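Asks: could you look at this predicted model? Sequence included:
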Amino acid sequence: MIVNNILKEAIDNNIQDITFFPHGEDYEVAFRTADVKQVHDFISSEDADALFSHIKSIADMDVTKNRCSQVRTCDYQLDDGRVITIRISTIVNLQGLETMSIRLIHVNERRISLSEFDSSCVEEVLEKVRIPGLHVITGPAGVGKTTLAYSLLAEAFKEGEVITIERHVEIKEMSFYQLQVNKANGMELEKLVTFVLRFNPDVLFIGEANTQEEVETVIKAVSAGLSVVTTAYQDDFSIPHDVLEMKQGKDGKRNVALIK
């Protein structure tokens, strides 16, 4: 099947995202790593429709909703037996043509090795994260903010209690108590934070703070006495906090700097 070949080639080349975009009567298949996009192939609209239906079925998405945007994370078994985790996002344009994006959650990248950073910087960052308050990891999409957060929290709170709240849980960590936002079941972001307050963990990880709702919820959590780590594209917080700026150099290596 086309999707297996595309996924395997993307994995073998350490690709982060695969996009399927309407291009005339066909669909453009593109690979993206950080800010670099490379056109991989073109497939027919018929093949794209079949691929979308197959992926949606595997991810337990509604295959009948071709005009509604959907997001889902699931495990996918390749024809060679490997199981990978993917996040699927779909959106439809004005002409009713569907676009799909697949984020690959590589097994070997679910944790960023702290050894790849300057040792003095890592020790300073770990000490900062252990101090109660707000800690924000900033950086562009795809640079690895969430995977860095998981690595830092796992190291900084080996003997502590870590609770996470995310809209889409992509990294499964048995030592963390992980919660996922689900509005259909009444598990909104703010309600989950209220729930966490009763448990008073050593630290709360809120997956991202890019919308006004997310920023306000993070501030409320910190104001209520929780120590919070979150990620954001940019620093938009009005209360005292630390900022860890994450970048990816031209050589592909990640860099992190404590800038506030």
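Replies: Thanks, I have the structure now. Numbering: from 1, shown residues only.
Asks: so where's the stretch 51-200 of the chain shaky on pLDDT?
Replies: 66-67, 106-113, 116-120 (pLDDT under 70).
Asks: where do the strands sit along it?
Replies: With strands called from DSSP state E, counting those that start in this stretch, the stretch 51-200 of the chain shows them at 70-77, 83-92, 98-105, 134-138, 162-166, 177-180.
Asks: show me this protein divided up by domain.
Replies: Domains of the chain are assigned by automatic domain parsing as 2-106, 110-258.
Asks: same list (the ones you listed) but as CSV, adding mean neighbour count.
Replies: Heads up, the C-betas are built off the backbone N, CA and C, glycines and all. As requested, the domains of the chain are exported to CSV (neighbours: other C-beta atoms under 10 Å):
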stretch, mean neighbour count
domain 2-106, 16
domain 110-258, 16
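Asks: quick one on the thing from earlier: got the strands of the stretch 51-200 of the chain as TSV, with distance to residue 194 columns?
Replies: Compiled in TSV, those are given as follows (distance: least, C-beta to C-beta, whole Å):
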stretch	distance to residue 194
strand 70-77	24
strand 83-92	27
strand 98-105	29
strand 134-138	18
strand 162-166	11
strand 177-180	12
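Asks: tell me which of these approaches residue 217 most closely.
Replies: strand 162-166 (8.8 Å; C-beta to C-beta).
Asks: what comes into contact with the closest one?
Replies: 146, 153-154, 173, 175-181, 189, 192-193, 196, 199, 201-208 (C-beta atoms under 8 Å, 6 or more residues apart in numbering).
Asks: returning to that earlier point: for residue 2, which of the strands of the stretch 51-200 of the chain is the nearest?
Replies: Going by C-beta to C-beta, the one of these nearest residue 2 is strand 98-105, 12.7 Å.
Asks: tell me which of the strands of the stretch 51-200 of the chain lies nearest to residue 245.
Replies: Closest to residue 245 of the strands of the stretch 51-200 of the chain is strand 134-138 (C-beta to C-beta; 5.3 Å).
Asks: so what's residue 180 bridging to?
Replies: residue 166 (DSSP bridges).
Asks: contacting residues for residue 59?
Replies: Residue 59 neighbours (C-beta under 8 Å, 6+ apart): 72-74, 86, 88.
Asks: please identify which pair of the residues you listed lies farthest apart.
Replies: Across the contacts of residue 59, the longest distance by C-beta to C-beta is 9.1 Å; it joins 72 and 86.
Asks: from residue 1, how far off is residue 45?
Replies: Counting by C-beta to C-beta, to the nearest Å, the gap from residue 45 to residue 1 is 17 Å.
Asks: do residue 238 as well
Replies: In terms of C-beta to C-beta, residue 238 sits 50 Å off from residue 1.
Asks: returning to that earlier point: can you flag which of the contacts of strand 162-166 belong to helices?
Replies: 146, 153-154, 189, 192-193, 196 (DSSP state H).
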